[in-house]
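Trainee: whatever this is, show me its structure:
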Amino acid sequence: MTMIFLGIVALLVTAFLCSTIRLSFQYDRKVQSISLRYMIASLTIYPLREKAVLSLAGFPVKEFKQVTLRASTTEKRKKKKFRVPTDWLGLWETIYRGELRAFKAVMAKLRIKYLSLEFSGGLLNPFQTGIAYGAFYALKGIIPNVMKYASFHPDFRSSGLRFEGKGLVYLRIYHILVLVFRLLIMKVSSYWREKSIIKKKGAAYAQ
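Mentor: Predicted structure coming up:
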């Protein structure tokens, strides 16, 4: 009896880990919808209507009203000056280590049915538009399996960034759990490493 129970549990765990999350979206001037489906549950977000619908087996069970956060017009915003990083080696290590490397590994596991990502326009000024354009091509080297479906047509005279796209991608839940586990390990190890450094510095100052 125990063996049967363990076999059922093992079968359920295997089914859970091997199941896939399905993400589909369409975003243009007329239609804006994002759907996330896992097994019989699905969550569909409608940005234009500012609502989301939770469904089970195709039947809607809960509707959520999205809260739109808007900054108060009476508050004065402080403009932050863009500073060019001086430690390029540290920046390079940050990009290719830790969280981003783990994210890159998960993105490589995506199964893409179809995907189209089109960006056009610009940001507040030509300088920021140029930075965004450079970041776009940097992402092509980090997640090439996704970015090969993306295009960016910058307009240095425009002050508005436009996006249109549609897609259907799949990802096994196993890869997401591995990502979460790796991030937790990184955070814990980073915490203890920093604590050890502080302790060593304190002992050095005490001497």
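Trainee: give me the buried positions along the longest helix anywhere in the chain.
Mentor: Looking only at the chain and at elements set by DSSP state H, the helix with the highest residue count is helix 173-206. By neighbour count with 16 or more other C-beta atoms under 10 Å, helix 173-206 contains the buried residues 175, 178, 179, 182. To be clear about C-beta, it is placed using only N, CA and C from the backbone, and glycine gets the same treatment.
Trainee: possible to save these as TSV with pLDDT?
Mentor: Rendered in TSV, the data for the buried residues of helix 173-206 read as follows (pLDDT from 0 to 100):
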residue	pLDDT
175	83
178	83
179	81
182	79
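Trainee: just put those residues in TSV and tack on distance to residue 107.
Mentor: Listed next are the buried residues of helix 173-206 as TSV, based on distance: C-beta to C-beta, whole Å:
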residue	distance to residue 107
175	9
178	13
179	10
182	14
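Trainee: report all helices and strands that the helix or strand residue 114 falls within contacts.
Mentor: Applying DSSP states H and E as the criterion places residue 114 in strand 111-121. Strand 111-121 makes packing contacts with helix 144-147, strand 150-154, strand 161-172 when contacts are defined by 3 or more C-beta pairs under 8 Å, 6 or more residues apart in numbering; DSSP states H and E.
Trainee: apply 10 Å and report the result again.
Mentor: Helices and strands touching strand 111-121, as assessed by 3 or more C-beta pairs under 10 Å, 6 or more residues apart in numbering; DSSP states H and E, comprise strand 20-27, helix 126-142, helix 144-147, strand 150-154, strand 161-172.
Trainee: and after the lowest-mean-pLDDT helix or strand in the chain, which helix or strand comes next?
Mentor: The least trusted helix or strand in the chain, going by mean pLDDT, DSSP states H and E, turns out to be helix 88-96, with a mean of 48. Counting by DSSP H and E, the element after helix 88-96 in chain order, helix or strand, is helix 99-107.
Trainee: and residue 145, what does it touch?
Mentor: When contacts are counted by C-beta atoms under 10 Å, 6 or more residues apart in numbering, residue 145 touches 107, 108, 109, 110, 111, 112, 115.
Trainee: need the contact list for the residue most central in space within the chain.
Mentor: In the chain, the residue lying closest to the centroid (C-alpha atoms, centre = their mean) is residue 103, at 8.3 Å. By C-beta under 10 Å, 6+ apart, the contact set of residue 103 is 142, 143, 179, 182, 183.
Trainee: just those now: which is nearest residue 39?
Mentor: Minimum distance to residue 39 across the contacts of residue 103 is 19.6 Å, recorded for residue 179 (C-beta to C-beta).
Trainee: leaving out the residues flanking it, which one is nearest to the closest one?
Mentor: On the basis of C-beta to C-beta, 6 or more residues apart in numbering, the spatially nearest residue to residue 179 that is not a chain neighbour turns out to be residue 106, at 4.8 Å.
Trainee: right, and that neighbour touches residue 173 too?
Mentor: No: with contacts defined as C-beta atoms under 10 Å, residue 106 does not count as touching residue 173, sitting 11.4 Å away.
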